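Asks: Generate a structure from the sequence data that follows.
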Amino acid sequence: MGDTGVEVLTARDVPLGGPRAMTVRRTLPQRARTLIGAWCFADHYGPDRVADTGGMDVAPHPHTGLQTVSWLFSGEIEHRDSLGTHAFVRPGELNLMTGGHGIAHTEVSTPGTTVLHGVQLWVALPAEHRHAPRDFQHHAPEPLRVDGAELRVFLGTLAGETSPVRTFTPPLGAEITLDAGATLTLDVDPGFEHGLLVDEGDVHLHDTPLLPAELGYAGPGRTRLTLANASDRPARTILLGGPPFEEEIVMWWNFIGRSHQDIVEARQAWEQSSDRFGSVDGYPGDRLPAPALPNAVIAPRKNPSHR
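Replies: Model (predicted):
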């Protein structure tokens, strides 16, 4: 952690979804940090030329104990789920899916997509809501100009803008694009911790430089965040935040629970095609099988103590 108190988290490359997997850059979770607020998962992908790579084709798969947040910079993704939703993810538009007790969905880049580029994020549900019913919400936030930057607030409140999307904790999520050479100072809730994911550009968070695909973490106690673009072209970032999530969670594959047994039961329900997850119509292929469980008890994940 540097003099500014900003911790830099680097990404690792991982395959996304079965035999037709595309590669994504994952910054959450990792050993150094499991969550930022209730944000427990952050994948960053592209710009991916679909003609060369095949794009995204993720067969039906399950989720429990979380909300998925899909946000694109370019391209288009077709979404289908076991709630019966058939929707599209487009640049600047939020798709949020609640998979509390259980949901299944597919994600496929559309035939007209030439370049796919965006983020896939998860929000952990608190214990009292982790069995919430399936839900799907869509929101297209209006762009907001503030001091040499354009903001799109898709979750929570920032710079006087509040998203209407329903969540079970108060997470903050916003795309922030800084003009060339711009510096932006934002008032933030001192009870929140924040993470700034850099998509492109030469970005500094409180004088700490961040490379593309890196995530800068700033702990609670700050009333302001200062972002600067040191380059001569626009810089794009995703700002995440929320009050520290104090519950320990167990994460494995696409499931979030509170114990190893929660994961065992969710996996068994998926493998047995139980009604817990329902079925997804309209996908021309088989669903993803669950991987084998590890030969050990899956331990809870927790963050380091705040300093």
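
Asks: Stretch 229-238: how far from the chain's middle?
Replies: Relative to the centre of its chain, stretch 229-238 is centred 21 Å away, using CA atoms, centre = their mean, to the nearest Å.

Asks: Show me the contact partners of that stretch.
Replies: Applying CB atoms under 8 Å, 6 or more residues apart in numbering, the set of residues contacting stretch 229-238 from outside is 71, 73, 119, 173-183, 196-204, 209, 227. C-beta here means a position set from N, CA and C on the backbone, and glycine is covered the same way.

Asks: Buried members of those into ChimeraX, please.
Replies: Buried residues among the contacts of stretch 229-238 (16 or more other CB atoms under 10 Å), as a ChimeraX selection:
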select :71,73,119,173,174,175,176,177,178,179,182,196,197,198,199,200,201,202,203,204,209,227
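
Asks: taking the contacts of stretch 229-238 one by one, which sit in strands?
Replies: Among the contacts of stretch 229-238, the ones falling in strands (DSSP state E) are 71, 73, 119, 173-178, 183, 196-200, 203-204, 209, 227.

Asks: mind listing what the residue minimising distance to the centre of the chain touches?
Replies: Taking CA atoms, centre = their mean as the criterion, Leu121 is the residue nearest the geometric centre of the chain, at 1.0 Å. With contacts taken as CB under 8 Å, 6+ apart, Leu121 has the following neighbours: 39, 41-43, 68-71, 173, 240.

Asks: switch to 10 Å and redo it
Replies: By CB atoms under 10 Å, 6 or more residues apart in numbering, Leu121 lies in contact with 28, 39-44, 66-71, 96, 154-155, 171, 173, 197, 238, 240.

Asks: now the strands for the stretch 201-307 of the chain?
Replies: For the stretch 201-307 of the chain, the strands defined by DSSP state E, counting those that start in this stretch cover 203-205, 208-210, 215-218, 224-229, 235-242, 250-252, 255-257.

Asks: Adding mean pLDDT, write those out as JSON lines.
Replies: Compiled in JSON lines, the strands of the stretch 201-307 of the chain are given as follows (pLDDT from 0 to 100):
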{"stretch": "strand 203-205", "mean pLDDT": "98"}
{"stretch": "strand 208-210", "mean pLDDT": "97"}
{"stretch": "strand 215-218", "mean pLDDT": "98"}
{"stretch": "strand 224-229", "mean pLDDT": "98"}
{"stretch": "strand 235-242", "mean pLDDT": "98"}
{"stretch": "strand 250-252", "mean pLDDT": "96"}
{"stretch": "strand 255-257", "mean pLDDT": "97"}
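
Asks: Out of those, which gets nearest to Lys302?
Replies: Evaluated with CB to CB, the strands of the stretch 201-307 of the chain place strand 250-252 nearest to Lys302, the distance being 10.5 Å.

Asks: And the closest one, what does it pack against?
Replies: strand 255-257, helix 260-271 (3 or more CB pairs under 10 Å, 6 or more residues apart in numbering; DSSP states H and E).

Asks: And that strand, how far out from the chain middle?
Replies: 16 Å.

Asks: So in that sheet, which strands flank that strand, and in what orientation?
Replies: Within its sheet, and counting by DSSP bridges, strand 250-252 is paired with strand 255-257 (antiparallel).

Asks: if we can go back for a sec, tell me which of the helices and strands packed on strand 250-252 is the most buried.
Replies: Highest mean neighbour count among those (mean count of other CB atoms under 10 Å): strand 255-257, with a mean of 23.

Asks: what residues does that one touch?
Replies: Applying CB under 10 Å, 6+ apart, the contact partners of strand 255-257 are 40-41, 62-66, 99-100, 102, 122-125, 130, 249-251, 262-267, 269-270, 290, 298, 300-301.

Asks: same thing but at 6 Å, please
Replies: 64-66, 124, 249-250, 263, 266 (CB atoms under 6 Å, 6 or more residues apart in numbering).
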